[in-house]
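Peer 1: Sequence first, predicted model second:
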Amino acid sequence: MNPPIIAAEVGFNLQDEIDQLEMDVQRQLNGRVRDFRLLGRPDGLILRGRAATYHAKQLAQHAIMAATRLPICANEIEVCPVSLELMQT
């Protein structure tokens, strides 16, 4: 397995890659993670947002892992199931 690469080591703009990754993953998740955001830190990425299931949270993490070699520092996607009341309205 290859070691993770830090953006500064390869000479590209980290924020540009983060913005592109964020858009790509939002498209792949098809609304399963609300308010999805990626935050860049010198040591890697932090995933944030809200998901109705742990499966959706896991899908987001795996989509990032497949799309980049940047390390994931934390998956802070909050799992908060949608209540039945909201689904009936």
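Peer 2: Arrived safely, thanks for sending.

Peer 1: so what's residue 35 up against?
Peer 2: When contacts are counted by C-beta atoms under 8 Å, 6 or more residues apart in numbering, residue 35 is found next to 48-50. (C-beta placed from N, C-alpha, C; glycine too.)

Peer 1: now swap in residue 19 and tell me
Peer 2: Taking C-beta under 8 Å, 6+ apart as the test, residue 19 contacts no residue whatsoever.

Peer 1: Which positions in the helix or strand where it lies come out as buried?
Peer 2: Using DSSP states H and E, the element containing residue 19 is helix 14-29. Buried residues in helix 14-29, counted by 16 or more other C-beta atoms under 10 Å: 14, 17-18, 21-22, 25-26, 29.

Peer 1: Kindly reformat those residues as TSV containing distance to residue 72 and pLDDT.
Peer 2: Putting the buried residues of helix 14-29 into TSV (distance: C-beta to C-beta, whole Å; pLDDT from 0 to 100) gives the following:
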residue	distance to residue 72	pLDDT
14	14	75
17	14	81
18	12	88
21	11	89
22	13	93
25	12	92
26	16	93
29	15	93
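
Peer 1: in its sheet, what does the next helix-or-strand element following the helix holding residue 19 sit against?
Peer 2: Sequence order places strand 33-41 as the next helix or strand after helix 14-29, per DSSP H and E. Strand 33-41 pairs in its sheet with strand 44-51 (antiparallel), by DSSP bridges.

Peer 1: What's the mean pLDDT across the partner strand?
Peer 2: Strand 44-51 carries an average pLDDT of 95.

Peer 1: just the CA coordinates of it, formatted as PDB?
Peer 2: C-alpha atoms of strand 44-51 as PDB (Å, rounded to 0.1, in the frame of the first residue of the first chain):
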ATOM      1  CA  GLY A  44      -5.400  15.400   5.900                       C
ATOM      2  CA  LEU A  45      -9.200  15.700   5.500                       C
ATOM      3  CA  ILE A  46     -12.100  16.000   7.800                       C
ATOM      4  CA  LEU A  47     -15.600  14.900   6.600                       C
ATOM      5  CA  ARG A  48     -18.600  16.800   7.900                       C
ATOM      6  CA  GLY A  49     -22.300  16.600   7.300                       C
ATOM      7  CA  ARG A  50     -25.500  14.800   8.400                       C
ATOM      8  CA  ALA A  51     -26.600  11.400   7.300                       C
END
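
Peer 1: Before I go, just wanted to say thanks for your time.
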